[in-house]
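K.L.:
need a structure here:
(2 chains, ligands or ions: 2)
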Amino acid sequence: MSRQALVQVKHLTRYYSQTCAVNDVSFDLARGEVLGFLGPNGAGKSSTMQMISGNLAPGAGQISIAGIDLLEKPKQAKREIGYLPEQPPLYRELTVDEFLRYCARLNRIRRSHIGNAVATAKERTGLGDVGRRLIDNLSKGYQQRVGIAQAIIHNPAVVILDEPTVGLDPLQIREIRALICELGKEHGIILSTHILPEVQATCSRVQIINRGKLVFSDTTAGLESRMNATALIAAFHSAPDLAALQQLAGVERVEPLPGNRVRLHYDDSNPAEALVEQSVAQRWRLHELTPEGRTLEQIFIELTCSEEQYPHSGDSSQ
Amino acid sequence: MIFTIAARELRSLFLSPLAWAILAVTLFILAYLFLTQIEAFIGLQPRLAAIKGAPGVADIIVAPLLADAAVILLLITPLITMRSISEERRNRTISLLFSAPVSMTEIVIGKYLGILSFFIILLALLALMPLSLLAGTDLDLGKLAAGLLGLTLVVAAFSAIGLYMSSLTEQPTVAAVTTFGLLLLLWIVDWAGTTEAAGSSMLAQLSMLRHYEPLLKGLFNSTDVAYYLLIILLFIGFTIRRMDASRLQH
Ligand SMILES: Nc1ncnc2c1ncn2[C@@H]1O[C@H](COP(=O)(O)OP(=O)(O)O)[C@@H](O)[C@H]1O
Ligand SMILES: [Mg+2]
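P.N.:
Ligands and ions are numbered 1, 2, ... in the order given. Down below sits the predicted model:
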């Protein structure tokens, strides 16, 4: 039951006149998952989220929310969606309480439950003591929280957050991320961002979108294993022969670096242990050993740039 | 659901100083007109007393007041309706409504009723002026009721047109100007009709003024009422279609 798909998106496509903003995107979201939508600006993240939340009609494709088809039964499907757009939809002339009460009514929460729903949403987003303040007078971070409170007030199955941490200071970013992790336990969350560490900090699954197409989809753990070390940097007081290092099990290539350092590239088996043993035996006097990995940035650039190169290589080969 | 949206629309209007200013200025001008009509009536009274079946207060005070009120409403409706949808689109707050389990029809009708409530309040305050005549004169309540019904229909039609214009643009001022233009056109379209009686009677049928005048005289005619209801339904329908289309084009 817990793996039942909350959101199913199939072959979603959307054109703005000539430009293709979203191109044949398909994915699922399960309960308890925080799905990160990662991509450069203009990749089509917002357009995808607008379509899933019913704000934008798709050009082609299917969307179902908790098993309900969004295009056929929009009213029922939308009960299960909470959506925070890129620009939080706040009526600035209202107080936080008034605004949330209005949102609760819009989402058809029964009159007798509204007080409860507003209190719960405020508590979860840390808005407890600003209920009577005008939204216009709140700081950006608090306005963002009101935006999130609005999205979760009716306890929807799916919460869609479009770049929820943009424009916040580092402390606020940390608070909002903690809040998202907290929400992820009970709801399915789709989150978009162009900030790479944000994905590592909050998401359980990552999808990288570039120019409207999904180019990568894996768990965050899978992404991290891609980033795992593929090289070691070692420093010696009395440097050994490069040939001797090359002999170590697993080492693919040895690259000399200035200052008696070397970089050892390897594929599957980590040669660290063998290196230490040999160093002791042969008195290389190893004093530094650092694993070196690819950063998320490197992987991201590889994925998004290789996509850009495809048409080129295709053209030249023809 | 409709009433939730309507209540917020009305509340937002009253949270802005514009609505209060409009309410105050309009009532001030109407009160001034009302008093000048009373003065005119007092001047005429000795001569009217001599005539049998002479026009009463309803004809001499109330009818001109309500006729003037319609013209003033034509000027202020665009200012009240202009922000309704255009500003929500510009501030992106419209997505709150679009992602809630609410149909487009409910959204549009809710907004329309919110605007209409504002004008009902205005008309209720306006109605107090002629009603005060009950104290000293024999006011024809039938004529007053017909006139107020006419004015309500006129402003309801104005609001529907204003709401539609507001859905066409993200700029409230553009919505106001186009609403004003269209309302004025529909008001005066029969001016062409008076000279070329036969050929332009179609145009005369379109005129809002032409359908309002009989009601002011106390003549209740179902075609006049139907005309206003038709305009209201037509423009609300246009607005719903326009909003649905906006999700397609963006
Ligand atoms: N209303 C619009 N009209 C025309 N093109 C648009 C519109 N909105 C977005 N686009 C285009 O669609 C592409 C995807 O945009 P968007 O979904 O906003 O990307 P992201 O949120 O990933 O930055 C961009 O190339 C953008 O220029
Ligand atoms: Mg975006």
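K.L.:
drop to CA atoms for contacts and neighbour counts, all remaining ones
P.N.:
Will do.
K.L.:
okay, the host helix or strand of A:Val159 in PDB with CA atoms only?
P.N.:
For A:Val159, the element it lies in under DSSP states H and E is strand A:158-162. The C-alpha trace of strand A:158-162 is given here as PDB (Å, rounded to 0.1, in the frame of the first residue of the first chain):
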ATOM      1  CA  VAL A 158       0.500  15.500  -2.700                       C
ATOM      2  CA  VAL A 159       2.300  18.700  -2.100                       C
ATOM      3  CA  ILE A 160       3.900  20.500  -5.000                       C
ATOM      4  CA  LEU A 161       6.500  23.200  -4.100                       C
ATOM      5  CA  ASP A 162       8.000  25.300  -6.900                       C
END
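K.L.:
tell me the helices and strands packed up against that strand.
P.N.:
With contacts defined as 3 or more Cα pairs under 8 Å, 6 or more residues apart in numbering or on different chains; DSSP states H and E, the secondary structure elements packing on strand A:158-162 are helix A:45-52, strand A:81-84, helix A:140-152, strand A:188-193.
K.L.:
who does it pair with, and is each partner parallel or antiparallel?
P.N.:
The pairing partners recorded for strand A:158-162 under DSSP bridges are strand A:81-84 (parallel), strand A:188-193 (parallel).
K.L.:
how about the helices and strands packed on strand A:158-162, which one is nearest B:Met165?
P.N.:
With Cα to Cα, the closest approach to B:Met165 among those belongs to helix A:45-52: 25.0 Å.
K.L.:
right, is the closest one up against ligand 1?
P.N.:
Yes. Judged by Cα under 6 Å from any ligand atom, helix A:45-52 comes into contact with ligand 1 at A:45-47.
K.L.:
got a list of contacts for that helix?
P.N.:
Helix A:45-52 has contacts (Cα atoms under 8 Å, 6 or more residues apart in numbering or on different chains) with A:12, A:14, A:21-22, A:37-39, A:56-58, A:63, A:70, A:85-86, A:160, A:162, A:192, A:209, A:212.
K.L.:
let me know the angle separating it from strand A:188-193.
P.N.:
Counting by axes from the mean of the first three to the mean of the last three Cα atoms, to 10 degrees, helix A:45-52 lies at 150 degrees to strand A:188-193.
K.L.:
helix or strand next in line after helix A:45-52, which one?
P.N.:
Counting by DSSP H and E, the element after helix A:45-52 in chain order, helix or strand, is strand A:60-65.
K.L.:
how near is the residue of the stretch 151-300 of chain A found nearest ligand 1 to A:Val34?
P.N.:
Closest to ligand 1 within the stretch 151-300 of chain A is A:Gly212: 7.0 Å, counting by Cα to the nearest ligand atom. From A:Gly212 across to A:Val34, the span is 21 Å (Cα to Cα, to the nearest Å).
K.L.:
if you count what's nearby, which of those two comes out ahead?
P.N.:
Taking neighbours as other Cα atoms under 10 Å in any protein chain shown, A:Gly212 and A:Val34 compare with A:Val34 leading, 29 against 25.
K.L.:
contacting residues around that one?
P.N.:
By Cα under 8 Å, 6+ apart, the residues touching A:Val34 are A:181, A:184, A:188-191, A:202-205.
K.L.:
if it is in a bridge, with which residues?
P.N.:
A:Ile189.
K.L.:
in chain B, which helix or strand is least confident?
P.N.:
Ranking every helix and strand in chain B by mean pLDDT, DSSP states H and E puts helix B:191-195 at the bottom, with a mean of 60.
K.L.:
what about the helices in the chain?
P.N.:
The chain I'm using is chain A. Ranges of helices in chain A, per DSSP state H, are A:45-52, A:74-78, A:96-106, A:111-124, A:140-152, A:170-184, A:196-202, A:220-227, A:242-246, A:272-282, A:296-317.
K.L.:
I was thinking of chain B, sorry if that wasn't clear
P.N.:
All helices of chain B, identified by DSSP H, fall at B:2-15, B:17-50, B:57, B:63-81, B:86-90, B:94-98, B:104-131, B:141-168, B:172-188, B:191-195, B:201-206, B:208-216, B:222-249.
K.L.:
any idea of the pLDDT on A:Cys203?
P.N.:
Note for A:Cys203: predicted pLDDT of 90.
K.L.:
once you drop chain neighbours, what's closest to it?
P.N.:
Spatially, and ignoring its direct neighbours in sequence, A:Cys203 is nearest to A:Val34 (4.8 Å; Cα to Cα, 6 or more residues apart in numbering or on different chains).
K.L.:
low pLDDT regions in chain B?
P.N.:
Low-confidence segments of chain B (pLDDT under 70): B:192-201, B:249-250.
K.L.:
how about the residue positioned nearest the centre of it, what does it touch?
P.N.:
Nearest to the geometric centre of chain B sits B:Val155, at 1.2 Å (Cα atoms, centre = their mean). Residues counted as contacts of B:Val155 (Cα under 8 Å, 6+ apart) are B:70, B:73-74, B:77, B:116, B:119.
K.L.:
and the residue nearest the centre of chain A, what does it touch?
P.N.:
Per Cα atoms, centre = their mean, the C-alpha nearest to the average position across chain A is that of A:Gly36, at 2.4 Å. Listed by Cα under 8 Å, 6+ apart, the contact set of A:Gly36 reads A:190-193, A:199, A:203-207.
K.L.:
change it to 6 Å
P.N.:
A:191-192, A:199, A:203, A:206 (Cα atoms under 6 Å, 6 or more residues apart in numbering or on different chains).
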